[in-house]
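Chemist: let me see the structure of the following:
(chains A and B)
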Amino acid sequence: AQKITQTQPGMFVQEKEAVTLDCTYDTSDPSYGLFWYKQPSSGEMIFLIYQGSYDQQNATEGRYSLNFQKARKSANLVISASQLGDSAMYFCAMREGPPRAQKLVFGQGTRLTINP
Amino acid sequence: GAGVSQTPSNKVTEKGKYVELRCDPISGHTALYWYRQSLGQGPEFLIYFQGTGAADDSGLPNDRFFAVRPEGSVSTLKIQRTERGDSAVYLCASSLSGSSVDTQYFGPGTRLTVL
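Modeler: Modelled structure (predicted):
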């Protein structure tokens, strides 16, 4: 079964608009972490934001915020005031509690295109 | 400071040949990870090192794949008798200590093409 599901293969957004990228996850571990990475055409995976399962507040990092709904097992990424440089692949990933605490499990990704 | 570096950036080889891919982690990071990303997919875990030892190699697809990290810094992923299905981008990541709250920082990857 898929542990991380990203249902949007592609998204097209006008510059300066906000965009939400969906991510749902599946785990029975009470302790886990959720990550979002950006992968531009250059190929490097760039860390954006992290949410721990016990965190009381939604994570924010500049224009990035994570809409964490634990009961629904969703961890959507919100990008405010999108910019042309935000065009890239975006991956949601999960790390479950020990002893499997180290490896990340990734979703299929969403390709975001920002139009001028 | 310097990020994770990987060499070569591109490697083209013929079916049946042996290849080595190198990863140089962020200085001071004790945890090192290898992932493989096929076209149109998310990265898939291969192996995790804590220091010199492979703490989890559950993602290695078969015994043609092997990785080492002899001095706890640079790691080499070795693939014997390459097959066309091994063609992918091989990503290396490192983190400070390997704890569950550590962020993994990725290198630019090595694109392997097996003809």
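Chemist: pLDDT score assigned to the residue in chain A that chain B sits nearest to?
Modeler: Among residues of chain A, the one nearest chain B by C-beta to the nearest C-beta turns out to be residue A:106. It sits 3.1 Å away. All C-beta atoms are positioned from the backbone trio N, CA, C, and that covers glycine. On pLDDT, residue A:106 comes in at 96.
Chemist: phi, psi of it?
Modeler: With angles defined as degrees, to the nearest 10, residue A:106 sits at phi -100, psi 150.
Chemist: what bridges to it?
Modeler: Taking DSSP bridges as the rule, residue A:106 bridges to residue A:93.
Chemist: surely it and residue A:92 touch.
Modeler: Yes - judged on C-beta atoms under 8 Å, residue A:106 makes contact with residue A:92 at a distance of 7.3 Å.
Chemist: neighbour-wise, which of those two wins?
Modeler: The neighbour comparison of residue A:106 against residue A:92 (other C-beta atoms under 10 Å in any protein chain shown) goes to residue A:92, with 28 against 23.
Chemist: enumerate every residue touching the nearest residue to the more buried one once chain neighbours are set aside.
Modeler: In this structure, residue A:92 finds its nearest non-sequential neighbour in residue A:23, 3.5 Å apart by C-beta to C-beta, 6 or more residues apart in numbering or on different chains. Neighbouring residues of residue A:23 by C-beta atoms under 8 Å, 6 or more residues apart in numbering or on different chains: A:4-6, A:34, A:36, A:74-77, A:92, A:107.
Chemist: now render those residues as JSON lines, adding secondary structure.
Modeler: Shown next, in JSON lines, are the contacts of residue A:23 (DSSP: H, G, I helix; E, B strand; the rest coil):
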{"residue": "A:4", "secondary structure": "strand"}
{"residue": "A:5", "secondary structure": "strand"}
{"residue": "A:6", "secondary structure": "coil"}
{"residue": "A:34", "secondary structure": "strand"}
{"residue": "A:36", "secondary structure": "strand"}
{"residue": "A:74", "secondary structure": "strand"}
{"residue": "A:75", "secondary structure": "strand"}
{"residue": "A:76", "secondary structure": "strand"}
{"residue": "A:77", "secondary structure": "strand"}
{"residue": "A:92", "secondary structure": "strand"}
{"residue": "A:107", "secondary structure": "coil"}
